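Undergrad: only geometry, no sequence info:
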């Protein structure tokens, strides 16, 4: 299959659903990958999606559920019987099963756990203990482990036993008799060793591992640092309790970056583009209200200079330019900084340098855009002193933008707050107030001096 | 090794460099992972970094070069001799070697290619043909392939031959005698098969593959869709030419998301937080100048209502609130949309629904924040009609924010432009103009009607 090709099956499915053409539907679904079916479900009306979902085998349904967004997942689950859901969950890997079950009511969860077989149920219950955004929450219980005294041949036999239920076996984890992780062997290494070799002799003795409580963002960084495809997870006593595979890490990396920018924009990290309007309204409202408060704060600066504006109305025309340009320059600074922090390039170590640099960049760009602004204003008939005002105001405010855009996120980080959250709002408040104050304040001085 | 622990070695290295304590330095470097050394280099002064880099063995240097940012890499490379660089490049995988060589002058490149052995040089030269952001640019020539007539035993022998030079072997690629890809076998499958089994009988017959020209963003999506750890790359005739491994994909995923938000903030995608000030100034200036133009456009709306403001100075105080709140609401809408597009949740299919929803969300939040704003203004002594003005202006402008925040990125996407780039600037121009126009325009009407 050449994965370059793209086709859209939603229309076809819709037609077949209308005609209730079961054989054709089943045939089509068998040809598609779970991710494609997930996309089709997302594109259908809710009622159609629910109906289509019922055509899927438990195995396919278990894969498709992992491909749709959280809200649709909830809808689909709520429209099948507990018995059907049990069959679906039974097909899942333990980490995915735990994710689904953790969203159910206690009664529903119990019914599912009773249905999926004792061993799986125990594994899932153990996973339910861990917070979702930790190594424990991301790990799966499915893995191949072997006691260090075993031979290569015995290890291969163990892989054979497990390979029916586990996908993506790339490593075998080695433990002592108490279950404490002592090594890791790649299949590559295993395949090149003679059957009677002792596993201890070919295993990597100090494998990279993480404990269950490590934050998922740190787990992702470790995967990237060591170019791993799987990592063993141990409890606080060093006992092997699970593994995390790289496919789950890609999702974490994606999620964490989007979170940063969501926070910068004053969004709830849970919001999705296909959320209903009522949910979106409520999720966005808090930040808009906070922002309204800071907007009035900035407006109070303007109010203090009402008398100045009264004497020279052109100031009201030009002041939003100074404030707005400051906001834009600050957004540039914050965005570069958030990326730098996420990638570990910006640390407390080089913080001072970055603050000075951003101040300099703001000053320089304020100087240049200030000249341009003065030129444009003059061209449109403003007098030279107004141009000078605009130039000084812009230079000062872009300096404020660079300084606050670098200092505030770093200060938040230093105070152990999330640097992305609320940086934007604090910084644009600074640039609004800075813009109005420098521009109007200077105008007041100029007026008093009689040079305006 | 428990990867949870974090230590900082930059200070120690600095001290040892000052004392020129070579044995201690070499000892310390041997203990560290390449990623850690990369971080130390980033934290050091340039001169110290150059000196430290010379202490590294060619093998370690080749790994460390891949861990530092592009500018530092360039600096380090330019401070070692062509002979040393040849030794370093010789240790690299072909895709990384091609990345390094592509940045050199033609003369330098020739010298390196002559030095690294004919077979590697040929492989690297083949890779140099492909654009960096395509499957061809991301792939490496290192892979294990076998002709379909071979047995499992012969395949294992081939792995043994290759395993000295290749890390992360997880799959063997199967070809016909002409080199056309016909299948893939996982090591897992291989390990469970008897030595005399024909490889054709255990290989997956329709493996997921990509062609060299596919965009790296699409490659990443395919990895995520199929939960792959490696994918074969074929030329337009179906011949196997390379493989892409998941560790390269994680970097692509990260890069692409940051690019979207960089574009939204009007940043050049090449800029990094540790770039020097001059570079940052020039990279940020173009967008600030474009923005200055749109700011004057918005100001011209204010200018048209100069007479209205003259009659009622409080309008100048309140108008930035209306415009600013619109900008914030629009940023929320764009951010949610950019994420939705990146993850494939928002498509042309549900575009109409999303535009209507965003309009509704804007209207509703405009209504609520409008009431709040009117209340605050009244509390601060504004009269009821000013409050009403603020309320109507805010409602109208947040409707503009929702509509333009959804429509403009979607229109850009429909016109095959990048939806992230310049969305922000177009949309905030809309909300600035929308805010000033509705608020001041309505005020003019109220004044003419004699109710203000």
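TA: Yep, that arrived. Remember, predicted model here, so these are calculated numbers, not experimental data. Numbers count the residues shown, from 1 in each chain, chains lettered A, B, ... in the order given.

Undergrad: show me which residues of stretch A:420-431 are buried.
TA: Buried residues in stretch A:420-431, counted by 16 or more other CB atoms under 10 Å in any protein chain shown: A:420, A:421, A:422, A:423, A:424, A:425, A:426, A:427, A:428, A:429, A:430, A:431. Using the backbone N, CA and C atoms, a C-beta is placed for each residue, glycine as well.

Undergrad: same check on stretch A:98-110?
TA: For stretch A:98-110, burial by neighbour count (16+ other CB under 10 Å) applies to A:98, A:99, A:100, A:101, A:104, A:109.

Undergrad: likewise stretch A:31-41?
TA: Using 16+ other CB under 10 Å as the test for burial, stretch A:31-41 gives A:32, A:33, A:34, A:35, A:36, A:37, A:38, A:39, A:40, A:41.

Undergrad: so it, near chain B or not?
TA: Yes - contact of stretch A:31-41 with chain B (CB under 8 Å from any CB of the partner chain) involves A:33, A:35, A:39.

Undergrad: what about these, which are in helices?
TA: A:35, A:39 (DSSP state H).

Undergrad: returning to that earlier point: return only those of the buried residues of stretch A:420-431 found close to chain B.
TA: Of the residues in these, proximity to chain B by CB under 8 Å from any CB holds for residue A:428.

Undergrad: pLDDT-wise, what's the bottom of the buried residues of stretch A:420-431?
TA: Across the buried residues of stretch A:420-431, the smallest pLDDT goes to residue A:422, namely 66.

Undergrad: could I get the buried residues of stretch A:31-41 as TSV with pLDDT?
TA: Converted to TSV, the buried residues of stretch A:31-41 look like this (pLDDT from 0 to 100):
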residue	pLDDT
A:32	87
A:33	87
A:34	89
A:35	85
A:36	86
A:37	90
A:38	88
A:39	84
A:40	87
A:41	88
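
Undergrad: ok, which pair from these is furthest apart?
TA: A:33 and A:41 (12.9 Å; CB to CB).

Undergrad: closest to residue A:436 among the buried residues of stretch A:98-110?
TA: residue A:99 (49.1 Å).

Undergrad: surely that closest one meets residue A:132?
TA: Yes - Residue A:99 is in contact with residue A:132 according to CB atoms under 8 Å; the separation is 7.4 Å.

Undergrad: hang on, the earlier thing: let me know the closest of the residues of stretch A:31-41 next to chain B to residue A:332.
TA: Out of those, the member with the shortest distance to residue A:332 (by CB to CB) is residue A:39, at 35.1 Å.

Undergrad: could I get the residues of stretch A:31-41 next to chain B as CSV with distance to residue B:386?
TA: Shown next, in CSV, are these (distance: CB to CB, whole Å):
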residue, distance to residue B:386
A:33, 59
A:35, 55
A:39, 50
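
Undergrad: pretty sure residue A:311 contacts residue A:446?
TA: No - Residue A:311 lies out of contact with residue A:446 (CB under 8 Å); the separation is 10.6 Å.

Undergrad: tell me which of the two has more neighbours.
TA: Just comparing residue A:311 and residue A:446: by other CB atoms under 10 Å in any protein chain shown the higher neighbour count belongs to residue A:446, 18 against 11.

Undergrad: in contact with the nearest residue to the more buried one once chain neighbours are set aside, which residues?
TA: Leaving out its chain neighbours, the residue that sits closest to residue A:446 by CB to CB, 6 or more residues apart in numbering or on different chains is residue A:452, at 3.8 Å. Residue A:452 makes contact with A:312, A:385, A:386, A:389, A:443, A:446, according to CB atoms under 8 Å, 6 or more residues apart in numbering or on different chains.

Undergrad: try 10 Å
TA: Applying CB atoms under 10 Å, 6 or more residues apart in numbering or on different chains, we find residue A:452 in contact with A:308, A:311-312, A:315, A:383, A:385-386, A:388-389, A:442-446.

Undergrad: shared neighbours, residue A:99 and residue A:132?
TA: If you check residue A:99 and residue A:132 against CB under 10 Å, 6+ apart, the residues they both contact are residue A:138.

Undergrad: next one, pLDDT for residue A:105 please.
TA: 87.

Undergrad: look up how far residue B:256 lies from the residue nearest to residue A:446.
TA: 50 Å (CB to CB, to the nearest Å).

Undergrad: repeat for residue A:227
TA: 19 Å.

Undergrad: shouldn't residue A:237 be in contact with residue A:179?
TA: Yes - counting by CB atoms under 10 Å, residue A:237 does reach residue A:179; the two are 8.9 Å apart.

Undergrad: number of nearby residues for the residue in the stretch 301-450 of chain A positioned nearest to chain B?
TA: Going by CB to the nearest CB, chain B is nearest to residue A:340 of the stretch 301-450 of chain A, at 2.9 Å. Close neighbours of residue A:340, defined as other CB under 10 Å, add up to 20.

Undergrad: ok, it touching residue A:353?
TA: No - look at residue A:340 against residue A:353 with CB under 10 Å: they stay out of range, at 11.7 Å.

Undergrad: is chain B within reach of the helix of greatest length in chain A?
TA: For chain A, the helix with the greatest residue count under DSSP H is helix A:384-414. Yes - counting by CB under 10 Å from any CB of the partner chain, chain B has neighbours in helix A:384-414: A:394, A:398, A:402, A:406.

Undergrad: got a markdown table for the residues you listed, with pLDDT too?
TA: A markdown table is the format used below for these (pLDDT from 0 to 100):
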| residue | pLDDT |
| --- | --- |
| A:394 | 97 |
| A:398 | 97 |
| A:402 | 96 |
| A:406 | 94 |
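
Undergrad: by neighbours, which of those residues wins?
TA: Counting neighbours by other CB under 10 Å, residue A:398 leads these with 33 neighbours.

Undergrad: now do that residue against residue B:124, distance only.
TA: 45 Å.

Undergrad: more neighbours, residue A:237 and residue A:179?
TA: residue A:179 (15 against 10).

Undergrad: looking at the more buried one now. What's its pLDDT?
TA: 95.

Undergrad: isn't it up against residue A:240?
TA: Yes - assessed by CB under 10 Å, residue A:179 is found in contact with residue A:240 at 6.0 Å.

Undergrad: need the overlap of contacts for those two.
TA: A:145, A:234.

Undergrad: which residue ranges of the stretch 201-350 of chain A form helices?
TA: Per DSSP state H, counting those that start in this stretch, the stretch 201-350 of chain A carries helices over the ranges A:216-226, A:246-264, A:277-304, A:306-311, A:314-342.

Undergrad: how many neighbours does residue A:117 have?
TA: What residue A:117 shows, counting by other CB under 10 Å, is a neighbour count of 11.

Undergrad: circling back to that earlier point, please enumerate the shared neighbours of residue A:340 and residue A:353.
TA: Common neighbours of residue A:340 and residue A:353 (criterion: CB under 10 Å, 6+ apart): A:346, B:274.

Undergrad: center of chain A, which residue is that?
TA: Chain A has residue A:255 as the residue nearest its centroid, 2.0 Å off, counting by CA atoms, centre = their mean.

Undergrad: ok, it to chain B distance?
TA: Noted for residue A:255: a distance of 10 Å to chain B, by CB to the nearest CB, to the nearest Å.

Undergrad: do a quick rundown of the strands in chain A.
TA: Taking DSSP state E as the criterion, chain A carries its strands at A:145-147, A:171-175, A:181-186, A:210-211, A:230-234, A:240-245.

Undergrad: does anything pack onto the third one? Which helices or strands?
TA: Same thing as strand A:181-186. In this structure, strand A:181-186 packs against strand A:145-147, strand A:171-175, helix A:199-202, strand A:230-234, strand A:240-245, with contacts taken as 3 or more CB pairs under 10 Å, 6 or more residues apart in numbering or on different chains; DSSP states H and E.

Undergrad: wait, which of these is closest to residue A:92?
TA: So among those, strand A:240-245 is nearest, using CB to CB, at 14.4 Å.

Undergrad: re earlier: overlap in contacts, residue A:33 and residue A:41.
TA: Common neighbours of residue A:33 and residue A:41 (CB under 10 Å, 6+ apart) are A:64, A:67.

Undergrad: who's in contact with residue A:372?
TA: A:390, A:391, A:394, B:285, B:288, B:289, B:292, B:293, B:296.
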